[in-house]
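S.K.: sequence and computational prediction follow.
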Amino acid sequence: MVEVKNLTKHYGRVTAVNDLSFEIRDNEILGFLGPNGAGKSTTMNIIAGYLPCSEGTVTVCGHDIKEDARAAKRCIGYLPEIPPLYPDMRVEEYLRYCAGIKGLRHSEIKPEVEKVMRRLSLIDMRRRLISNLSKGYKQRTGLAQAIIGDPKLLILDEPTVGLDPSQVTELRKLILDLGRDHSVILSSHILGEISAVCSRVVIINKGQLCAVDTIENLERRATDSIILNLTVEGDQSAANKVLSEIGGIREINEIADDDESFSSFKISLENEKVRQEITSAMVKNGINVVEMSTERPDLEKVFLELTNKKGSKDSSDDK
Amino acid sequence: MFALYKKEIQSFFYSPFAYVLSALFMLIFGFAFVNRIASMQTSVFQFSFPDMFYNNFFYFVFIIPLLTMRSFADERRGGTEVQLLTSPLTVTQIVLAKFLAIETVFLFMIALSMFYPIYISFHGTVIWASLICGYISFFLWGTVCITLGMLFSSMQSSAIIAAIIGEIFMEGFLFLDQFAATKMVESHPQLNSVITWFSMQRRFVYFAQGLFRLEDLVFFISLTVLVLFWIILYIEKRRWSHR
């Protein structure tokens, strides 16, 4: 669907994007993650054909965005960070205008606008002036202009910014629904949103590619150890003695507890098997286990780890 | 391209904008018209429309930047420029659609001013050939001013600043003739000829006198095309150096 190769963008002496390469597959929702100023919006603007790149190529549906811009742009629906809306237009009038500039024939405009308004629940708002819409409906109208004309690729730049939690949930559902018949690039710095919606993630920092992988693989790679939260009856010294005799434990952190009848630990394990060994050893030594749970490394850890590695580059794509 | 043209026309006519500017234009024209009639000294009314056009244009050029100030500046400020430049439309199509929309509003204003000669034709005689010539020159000069106003709008993200720069530039254009007539410039014949060549007023006077010169027609049209091309290049250049 989209192939980005060695994409570089210089602004004078500043390099905003440096040698980015990744691809977006058919009907895939790709998350685009990075801290503020990482080059997310610049990359999206280049893919959408708004900004030209300094080096490299972007191919959308087989069309080069530089050489064959018109054909490539026909395949793209773009929702920038600030939705491109005219406050003095009505919703339906605006969507008809959008259909017109996307090159739809006069006879196709009306049914297409109806279809899009129905899909995004804008039917009741069709006669409303855009300036009078709530933030959520403005965002929907922005999304409607992106999907009008049924482009194969949707580029959504931080679409949930400024929305209330229920609007965020609704918009996520919409994006998931759109992902069934479109390829979507979704940029966000809200990690929960990316893990809820996207199948694969591109992480960039300071214009450089940090990782391209599925969320599961990234989480697995975040840390190669398992964190075990353990609470047992009795004082810490007895439990500590048992734990010190078990192999495969990397680190034991004792957690201070007000209740002296219980002891809590945070234990770093080499693998899942060690957990079973701990359970058996505790039972064998007559120590009652009150609570035992493992912590899964989440996307946030991956993100922080990768973005804190200055200039790190790891393009171990799962392709 | 038609969709953008239609949207631009709607933004003028669905708001009071075009009507307020047209009313201002008619007011200026009306004052000149009433002044002429009020200064009648004989029962035979010697009425010169070309003269009126010439005098009127001094005021009219100040309306043009108000007409063009929003064309690109508002798109940049409102973030809708991104949508236009990522649509399948080319920059040339975008510029042309906006130019044609403003030209339509300009023609609407010109059409309104036809009220005066039509009114005269019921009570006296109108020399239509001279009138048409006056209108053509008025339209051509106005078109050049529109493209210049659009150029300033494309360079700014604030419509007000675009209008102010436009007003300053229009005033400079009007005083080009007076500058050419100064002793300093007159003492340098080559400099004088260059400045006089760029003077639009001089060419406008020929037209206004009913003299249709191909040279002047080519001048106005080529200047319009040149400035339109400049706008296209400027927008493309801004995309490349965008920060």
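M.R.: Thanks, I have the structure now.
S.K.: can you give me phi and psi for the nearest residue to A:L171 once chain neighbours are set aside?
M.R.: Leaving aside its chain neighbours, A:L171 sits nearest to A:T160 (5.5 Å; criterion: C-beta to C-beta, 6 or more residues apart in numbering or on different chains). C-beta coordinates here come from the backbone N, C-alpha and C atoms, glycine included. The phi/psi pair for A:T160 (degrees, to the nearest 10) reads phi -100, psi 10.
S.K.: ok, A:T160 touching A:T169?
M.R.: No. A:T160 lies out of contact with A:T169 (C-beta atoms under 8 Å); the separation is 9.4 Å.
S.K.: who's more crowded, those two?
M.R.: A direct count of neighbours by other C-beta atoms under 10 Å in any protein chain shown for A:T160 and A:T169 places A:T160 higher, at 22 against 13.
S.K.: residue nearest the centroid of chain B?
M.R.: Nearest to the mean C-alpha position of chain B, by C-alpha atoms, centre = their mean, lies B:G142 at 2.3 Å.
S.K.: that one: which element?
M.R.: Assessed by DSSP states H and E, B:G142 sits inside helix B:128-155.
S.K.: wait, does that helix contact chain A?
M.R.: No. Using C-beta under 8 Å from any C-beta of the partner chain, helix B:128-155 stays clear of chain A, coming no nearer than 16.0 Å.
S.K.: up against chain B, what does the stretch 1-150 of chain A have?
M.R.: Residues of the stretch 1-150 of chain A lying close to chain B (C-beta under 8 Å from any C-beta) are A:11, A:45, A:48-52, A:70, A:73-74, A:76, A:78, A:80, A:82-89, A:93, A:96-103, A:145.
S.K.: what element comes up after the helix or strand of chain B with the lowest mean pLDDT heading to the C-terminus?
M.R.: When the helices and strands of chain B are scored by mean pLDDT, DSSP states H and E, helix B:49-60 comes last with a mean of 72. Note on helix B:49-60: by DSSP H and E, the next helix or strand toward the C-terminus is helix B:64-68.
S.K.: quick check: mean pLDDT across the next helix or strand after that next one?
M.R.: Counting by DSSP H and E, the next helix or strand C-terminal to helix B:64-68 is helix B:70-78. Average pLDDT, helix B:70-78: 91.
S.K.: check the gap between the residue nearest to A:L171 and chain B for me.
M.R.: Distance check for A:T160 against chain B: by C-beta to the nearest C-beta, to the nearest Å, it reads 17 Å.
S.K.: for chain A, what's its nearest residue on chain B.
M.R.: Of all residues in chain B, the one sitting closest to chain A is B:A3 (2.3 Å; C-beta to the nearest C-beta).
S.K.: and that residue, what pLDDT?
M.R.: At B:A3, the model reports a pLDDT of 90.
S.K.: the residue lying closest to it once chain neighbours are set aside is in what secondary structure piece?
M.R.: In this structure, B:A3 finds its nearest non-sequential neighbour in A:G100, 2.3 Å apart by C-beta to C-beta, 6+ apart. Element membership for A:G100, per DSSP H and E: helix A:91-101.
S.K.: C-terminal to that helix, what's the next element?
M.R.: Counting by DSSP H and E, what follows helix A:91-101 is helix A:106-119.
S.K.: counting neighbours, what do you get for residue 59?
M.R.: Picked chain A for this. Neighbourhood size, A:T59 [other C-beta under 10 Å]: 19.
S.K.: that's the other chain; I wanted chain B
M.R.: Other residues within reach of B:Y59, judged by other C-beta under 10 Å, total 15.
S.K.: wait, isn't it in contact with B:I28?
M.R.: Yes. B:Y59 lies in contact with B:I28 (C-beta under 8 Å); the separation is 4.5 Å.
S.K.: if we can go back for a sec, packing partners of the least confident helix or strand of chain B?
M.R.: On a contact count with 3 or more C-beta pairs under 8 Å, 6 or more residues apart in numbering or on different chains; DSSP states H and E, helix B:49-60 meets helix B:17-38, helix B:128-155, helix B:200-208.
S.K.: closest one to B:R70 among the ones you listed?
M.R.: The minimum distance between B:R70 and the helices and strands packed on helix B:49-60 falls on helix B:128-155, with 6.9 Å, by C-beta to C-beta.
S.K.: now the angle from the closest one to helix B:200-208?
M.R.: Calculated by axes from the mean of the first three to the mean of the last three C-alpha atoms, to 10 degrees, helix B:128-155 forms an angle of 150 degrees with helix B:200-208.
S.K.: which strands and helices lie in contact with helix B:128-155?
M.R.: In terms of contacts (3+ C-beta pairs under 8 Å, 6+ apart), helix B:128-155 is packed against helix B:49-60, helix B:64-68, helix B:70-78, helix B:91-113, helix B:159-174, helix B:200-208, helix B:214-240.
S.K.: and the longest one, anywhere near chain A?
M.R.: Spelled out, it's helix B:214-240. Yes. Applying C-beta under 8 Å from any C-beta, one finds helix B:214-240 touching chain A at B:R239, B:W240.
S.K.: cool, and the fifth one?
M.R.: No. Contact between helix B:159-174 and chain A is absent, the nearest approach being 13.9 Å (criterion: C-beta under 8 Å from any C-beta).
S.K.: that helix vs helix B:200-208, what angle?
M.R.: 70 degrees.
S.K.: elements contacting helix B:159-174?
M.R.: Under the contact definition 3+ C-beta pairs under 8 Å, 6+ apart, helix B:159-174 sits against helix B:64-68, helix B:70-78, helix B:128-155, helix B:200-208.
S.K.: okay, that helix in PDB with CA atoms only?
M.R.: The C-alpha coordinates for helix B:159-174 follow below in PDB (Å, rounded to 0.1, in the frame of the first residue of the first chain):
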ATOM      1  CA  ALA B 159      -5.400  38.900   6.100                       C
ATOM      2  CA  ILE B 160      -5.200  42.400   7.600                       C
ATOM      3  CA  ILE B 161      -1.500  42.600   7.100                       C
ATOM      4  CA  ALA B 162      -2.000  41.400   3.500                       C
ATOM      5  CA  ALA B 163      -4.500  44.200   3.000                       C
ATOM      6  CA  ILE B 164      -2.300  46.900   4.500                       C
ATOM      7  CA  ILE B 165       0.700  45.800   2.300                       C
ATOM      8  CA  GLY B 166      -1.700  45.800  -0.700                       C
ATOM      9  CA  GLU B 167      -2.900  49.400   0.100                       C
ATOM     10  CA  ILE B 168       0.700  50.600   0.400                       C
ATOM     11  CA  PHE B 169       1.600  49.000  -2.900                       C
ATOM     12  CA  MET B 170      -1.500  50.300  -4.700                       C
ATOM     13  CA  GLU B 171      -0.700  53.800  -3.500                       C
ATOM     14  CA  GLY B 172       2.800  53.400  -4.800                       C
ATOM     15  CA  PHE B 173       1.400  52.400  -8.200                       C
ATOM     16  CA  LEU B 174      -0.800  55.500  -8.300                       C
END
